[in-house]
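A.B. asks: Kindly generate the corresponding structure for this input.
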Amino acid sequence: MEKKRRDFIKTGSLLGLGALLKPSKLFASSENIAQENVSPVVDKNRPVFNMCGYSAPKIDNVRIGFVGVGTRGQAAVYRMSQIENVTITALCDLQQDKIDFALNRISNSGQKPKIYTGKEDWKAVCERDDIDLIYICTHWALHTPVAVYAMQQGKHVCVEVPAATTIDECWQLVETSEATKRHCMMVENCCYDFFELLTLNMARQGFFGEIIHCEGAYIHELTENFTRKNFKWDMWRLKENYERKGNLYPTHGLGPICQVMNINRGDQLDYMVSMSSADFVLGQRVEELAKEDDLYKPFVGKDYRGNMNTSIIKTHKGKTIMLQHDVSSLRPYSRIHLISGTKGIAQKYPLPGRISTHHRNWFTEEQMKEVEEKYQPAIVKKIGELAKKVGGHGGMDFLMDWRTIDCLRNGLPLDQDVYDAALWSCIFPLSETSVNNRSQAIDIPDFTRGAWKKNTPVDISLSTGGNTGVRDIRKPQKEDFEL
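C.D. replies: You can find the predicted model right below:
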């Protein structure tokens with residue numbers, strides 16, 4: 001019998017399948033919302049409409065509605081206020097203090113958004129006819145429900161990482177984007193970091209030869225962040241770390257190397273295995289906090305995800321990827337970003353970026369300078385210094401937002417499409433299933449339904465577009481640098 005689209009697990013055990021298909025159980029209201037907005041299943045061998053390379057009609061002035069203005073949302077509101085031909089139409093959040101902080105950050109910009117603070121007000125924002133783009137920075141459980149509803153209302157979508165947390169949610173995003181012909185871009189900012197953009201351009205120019213193997217990671221000690229009182233709404237990030245297993249945050253490491261390897265555009269992820277250590281940190285930390293504060297007592301005794309998760313992926317063309325995720329071990333920050341090819345190699349984190357074309361020595365400082373000058377991407381030449389002034393993880397966040405607005409204004413394909421959002425995000429639930437089944441191999445869905453064989457690689461050359469202006473940039477303040 002022919003396999004159905006979602007029958008992708010190559011294992012005799014289906015014990016982990018429920019974890020892949022069910023919506024997040026963290027928030028009952030979010031689960032209901034997700035079920036209400038499920039788009040019809042499109043069980044075909046090819047996309048209804050291929051969104052890869054799709055050019056939507058030009059939007060001269062991009063009107064934005066923000067849903068969620070916590071730490072990430074506030075920063076995004078500020079960054080967008082610095083770009084010309086952008087109107088911030090609406091801000092939506094349950095917490096008035098978050099709204100007030102966001103408004104304060106753009107008080108001198110001339111922007112006067114309408115404010116929404118009701119539980120279901122995000123729907124009203126999506127329904128407005130004077131908004132072109134919905135920018136989503138909520139907790140994870142609302143990412144897909146809001147994105148799906150926004151596209152159904154005719155809006156393009158930018159959604160924070162991960163775009164989805166279950167395989168069903170990944171397919172909802174894909175099917176809705178195809179049906180509505182609306183962009184759904186997961187705002188994976190690490191694709192716009194300066195070294196990642198440099199190595200992408202070098203790969204495009206053939207510097208590395210044939211790419212053989214890549215590595216990525218999100219290794220970031222965040223124990224104090226997760227357990228800080230009232231830092232995250234309803235302590236949602238801590239809850240994610242005992243409700244779910246595996247690699248909960250794969251896209252920072254995976255996104256840039258997928259672009260380098262032309263995944264979804266010439267090659268495709270095939271299958272993966274995943275393994276996690278036990279937890280030796282988070283549970284113990286919560287027990288200590290509970291002795292001093294009753295707030296933490298409900299979190300005591302939970303089965304927290306392991307400290308280090310390692311996943312190995314193989315592509316259809318026989319190339320390999322190693323991904324790691326660890327947010328609670330005492331290790332220096334690292335996204336790894338390693339590219340290994342037949343002619344050259346590049347590596348960054350935890351040390352600064354290094355490049356070599358020889359098996360013995362890395363390039364000297366002088367050689368690195370020559371390479372950086374020769375292969376510096378056009379977007380960095382044009383807006384890189386301004387991006388550093390605006391801030392946001394050293395400027396990469398602003399590069400991402402400016403590039404997105406410039407593409408929308410010029411009717412260009414976005415650098416990340418809905419297939420990237422779904423594929424990069426799906427490693428979260430797939431790694432969970434592999435971990436729960438003794439690290440058995442798990443098939444990775446092809447969200448392009450075969451279109452990857454003809455899709456063309458991402459082009460960030462600025463051969464067209466690049467005409468979006470930037471407002472007067474003030475010196476960045478302390479609050480412009482987010483975790």
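A.B. asks: Going by the annotation, which residue ranges form each domain of this structure?
C.D. replies: If the domains of the chain are taken from automatic domain parsing, they occupy 21-188+464-480, 190-376+417-453, with pieces of a single domain joined by a plus sign.
A.B. asks: the longest helix in the protein is where?
C.D. replies: Ranked by residue count, the top helix of the chain under DSSP state H comes out as helix 418-436.
A.B. asks: Pull the distance from it to the chain's centre.
C.D. replies: Here the centre of mass of C-alpha atoms in helix 418-436, compared against the chain's by Cα atoms, centre = their mean, to the nearest Å, lies 12 Å away.
A.B. asks: and what of stretch 327-341?
C.D. replies: When distances are taken as Cα atoms, centre = their mean, stretch 327-341 is centred 17 Å away from the chain's centroid.
A.B. asks: in it, what counts as buried?
C.D. replies: Of the residues in stretch 327-341, those buried by neighbour count under the rule 16 or more other Cβ atoms under 10 Å are 327-328, 331, 334-341. Heads up, the C-betas are built off the backbone N, CA and C, glycines and all.
A.B. asks: send the alpha carbons of it over as PDB?
C.D. replies: Listed in PDB are the C-alpha atoms of stretch 327-341, where the atom choice follows Å, rounded to 0.1, in the frame of the first residue of the first chain:
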ATOM      1  CA  VAL A 327      20.700  25.400  27.300                       C
ATOM      2  CA  SER A 328      21.700  24.400  30.800                       C
ATOM      3  CA  SER A 329      25.400  23.300  30.900                       C
ATOM      4  CA  LEU A 330      28.300  25.500  31.900                       C
ATOM      5  CA  ARG A 331      29.700  25.900  28.300                       C
ATOM      6  CA  PRO A 332      30.600  29.000  26.300                       C
ATOM      7  CA  TYR A 333      28.000  30.200  23.900                       C
ATOM      8  CA  SER A 334      28.200  28.400  20.600                       C
ATOM      9  CA  ARG A 335      26.200  28.000  17.400                       C
ATOM     10  CA  ILE A 336      29.300  26.000  15.900                       C
ATOM     11  CA  HIS A 337      28.600  26.900  12.300                       C
ATOM     12  CA  LEU A 338      31.000  24.600  10.600                       C
ATOM     13  CA  ILE A 339      31.100  24.100   6.800                       C
ATOM     14  CA  SER A 340      33.300  21.300   5.400                       C
ATOM     15  CA  GLY A 341      33.800  21.000   1.700                       C
END
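A.B. asks: and that stretch, average pLDDT?
C.D. replies: Taken as a whole, stretch 327-341 has an average pLDDT of 97.
A.B. asks: farthest-separated two in the buried residues of stretch 327-341?
C.D. replies: Of all pairs drawn from the buried residues of stretch 327-341, the widest gap by Cβ to Cβ lies between S328 and G341 and measures 33.1 Å.
A.B. asks: could you pull out the strands for the protein?
C.D. replies: If DSSP state E is used as the criterion, the strands of the chain fall at 62-67, 86-92, 114-116, 133-136, 156-159, 184-186, 211-219, 269-276, 309-315, 320-326, 338-341, 345-347, 354-356, 442-443.
A.B. asks: between those, which gets nearest to A150?
C.D. replies: strand 133-136 (3.9 Å).
A.B. asks: Quickly run through the sheet partners of the closest one, with directions.
C.D. replies: The sheet places strand 133-136 alongside strand 62-67 (parallel), strand 156-159 (parallel), with pairing taken from DSSP bridges.
A.B. asks: and the angle for the longest one with strand 86-92?
C.D. replies: Note on geometry: by axes from the mean of the first three to the mean of the last three Cα atoms, to 10 degrees, strand 62-67 and strand 86-92 are set 20 degrees apart in direction.
A.B. asks: Which residues belonging to strand 62-67 are considered buried?
C.D. replies: Along strand 62-67, the positions that meet the burial threshold by neighbour count (16+ other Cβ under 10 Å) are 62-67.
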